[in-house]
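**Q** give me the fold of what follows.
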Amino acid sequence: MNKEAEEFDIQSYMTGGVKRVVNDAVRATFNNPKESLFMAGFAVASKKASEHRRKLEDAGEHIPPFLISSITSSCNLHCAGCYSRTNHACTDEKPVDQLSGEQWGNIFSEANELGISFILLAGGEPLLRWDVMQEAAKYKNILFPIFTNGFYIQDKYLEMFDQHRNMIPIISIEGDKEKTDNRRGEGVYDRVMQSMKNLHDNGLIFGVSVTVTTENMEEVYSEEFISKLSKLGCKAVIFVEFVPVTDEASHLAPGEPERIIMAENINRLRHDHEEMVFIAFPGDEKSSGGCVAAGRGFFHINSHGGAEPCPFSPYSDINVAQTSLREALKSPLFYQIQTQGLLKDEHAGGCTLFANREQVEAILAE
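**A** This is a model prediction of the structure:
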């Protein structure tokens with residue numbers, strides 16, 4: 001680990017972030033007995049996990065608290081500007097050589113042993129992998145936010161979410177009906193609203209994921225939008241900065257002035273809506289000593305098992321199907337990205353590794 005990394009205690013920083021999210025979640029679910037009971041138990045489990053990661057850190061082994069797992073390349077939608085389709089990680093072809101449910105179960109088991117507290121399930125559309133969902137449900141000490149388009153939240157999933165409170169759907173929405181349907185397809189907004197109603201009527205909590213662009217910023221941080229979600233039973237809002245996957249879309253990526261406004265809005269919402277949890281991704285990289293991808297705070301596993309710095313940086317030199325999570329975190333690619341300062345590089349907006357993809361490709365080629 002280099003000198004700058006030693007001066008900034010990333011484990012303490014990430015542990016503080018986990019503690020805040022968990023405390024906010026406990027408060028947000030106070031009026032839901034089933035969820036409140038689960039969250040209280042999860043708070044204890046996440047504290048033990050943080051202590052375990054600290055012990056490993058002190059012994060010279062860094063374990064991040066988050067993992068992002070894209071469990072399928074299949075999706076029923078064709079959203080405009082989808083980074084996953086642009087990177088060919090999501091296609092309309094029948095999946096080939098994807099990790100099995102059993103293999104994902106082994107990954108979740110090792111993550112549990114290492115003290116990883118959050119595993120974000122993504123795709124494609126993750127709810128198409130019922131086998132993987134059944135594996136994830138077994139690990140009560142891990143919270144699984146499921147980033148879904150909401151189309152498949154029906155009977156069997158409503159029952160699963162009720163029985164396994166560690167599985168929390170995070171439904172994608174772009175703002176109002178017009179903006180959501182423009183990006184995600186006609187009729188999607190109404191389907192999303194119906195899924196939220198189904199969850200609320202069954203006493204289940206859920207969150208939403210909002211891709212923040214220069215065009216919808218004002219709306220998605222507005223009191224009107226947030227209050228509507230709150231009344232529907234939404235307990236978490238994850239604001240994800242838009243990452244341009246083409247030069248033509250670069251104007252949609254928030255820049256430094258927009259990031260300042262976004263941070264101010266997050267603070268306001270946390271103060272005004274204690275019944276909800278608000279998370280910004282990637283958030284303020286300056287306060288975290290740079291981007292937290294490539295194993296600093298999280299890393300990404302694609303549907304084939306490739307360990308990647310993040311979903312927006314689809315490069316891999318190691319596969320968890322042939323090794324372990326522990327070894328994947330020692331990836332030479334991750335090490336070079338960290339030590340060459342790419343995670344701290346200034347960039348115009350969105351994602352520093354996407355902005356510096358040529359350097360990342362050069363490292364991989366070496």
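**Q** can you say which helix or strand has Phe108 in it?
**A** In this assignment (DSSP states H and E), Phe108 forms part of helix 101-114.
**Q** pLDDT of that helix, averaged?
**A** The pLDDT scores in helix 101-114 average 98.
**Q** other SSEs contacting it?
**A** Helices and strands touching helix 101-114, by 3 or more CB pairs under 8 Å, 6 or more residues apart in numbering; DSSP states H and E, are helix 33-58, strand 66-70, helix 130-136, helix 325-328. For every residue, glycine as well, the C-beta is placed using N, CA and C.
**Q** which strands and helices lie in contact with the first one?
**A** In other words, helix 33-58. Against helix 33-58 (3+ CB pairs under 8 Å, 6+ apart) you get helix 10-28, helix 101-114.
**Q** residues touching Leu333, list them.
**A** By CB atoms under 8 Å, 6 or more residues apart in numbering, the contact list for Leu333 reads Ala294, Pro309, Tyr315, Ser316, Asp317, Ile318, Val360, Ile363, Leu364.
**Q** repeat that with 10 Å
**A** Contact partners of Leu333, counting by CB atoms under 10 Å, 6 or more residues apart in numbering, are 294-295, 307-309, 313, 315-318, 360, 363-364, 366.
**Q** okay, it and Ala137: tell me how far apart.
**A** Applying CB to CB, to the nearest Å, the value for Leu333 to Ala137 is 32 Å.
**Q** next one: Gln103
**A** Going from Gln103 to Ala137 by CB to CB gives 16 Å.
**Q** circling back to that earlier point, could I get the helices and strands packed on helix 33-58 as JSON lines with distance to Leu269 and mean neighbour count?
**A** Listed next are the helices and strands packed on helix 33-58 as JSON lines, based on distance: least, CB to CB, whole Å; neighbours: other CB atoms under 10 Å:
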{"stretch": "helix 10-28", "distance to Leu269": "11", "mean neighbour count": "18"}
{"stretch": "helix 101-114", "distance to Leu269": "30", "mean neighbour count": "18"}
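**Q** make TSV out of these and add distance to Arg268.
**A** Output for the helices and strands packed on helix 33-58, formatted as TSV (distance: least, CB to CB, whole Å):
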stretch	distance to Arg268
helix 10-28	15
helix 101-114	34
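**Q** nearest to Phe239 among those helices would be which one?
**A** Closest to Phe239 of these, according to CB to CB: helix 10-28, at 13.7 Å.
**Q** just list whatever residues bridge to the residue positioned nearest the centre of the chain.
**A** For the chain, the residue nearest the mean C-alpha position is Leu120 (4.9 Å; CA atoms, centre = their mean). Counting by DSSP bridges, Leu120 forms beta bridges with Ile68.
**Q** ok, now how distant is it from Lys344?
**A** Taking CB to CB as the measure, Leu120 and Lys344 are separated by 24 Å.
**Q** what's the most buried one of the helices and strands packed on helix 101-114?
**A** Comparing the helices and strands packed on helix 101-114 by mean neighbour count (mean count of other CB atoms under 10 Å), strand 66-70 ranks first with a mean of 22.
**Q** okay, strands next: where are they in the stretch 101-250 of the chain?
**A** Assigned by DSSP state E, counting those that start in this stretch, the strands in the stretch 101-250 of the chain fall at 118-122, 144-148, 167-172, 206-212, 234-241.
**Q** so what's Gly283 up against?
**A** Neighbouring residues of Gly283 by CB under 10 Å, 6+ apart: Gly17, Phe239, Glu241, Arg259, Met262, Ala263, Ile266, Cys291, Val292, Gly297.
**Q** just the buried ones among these, please.
**A** Buried by 16 or more other CB atoms under 10 Å: Gly17, Phe239, Glu241, Arg259, Met262, Ile266, Cys291, Val292, Gly297, out of the contacts of Gly283.
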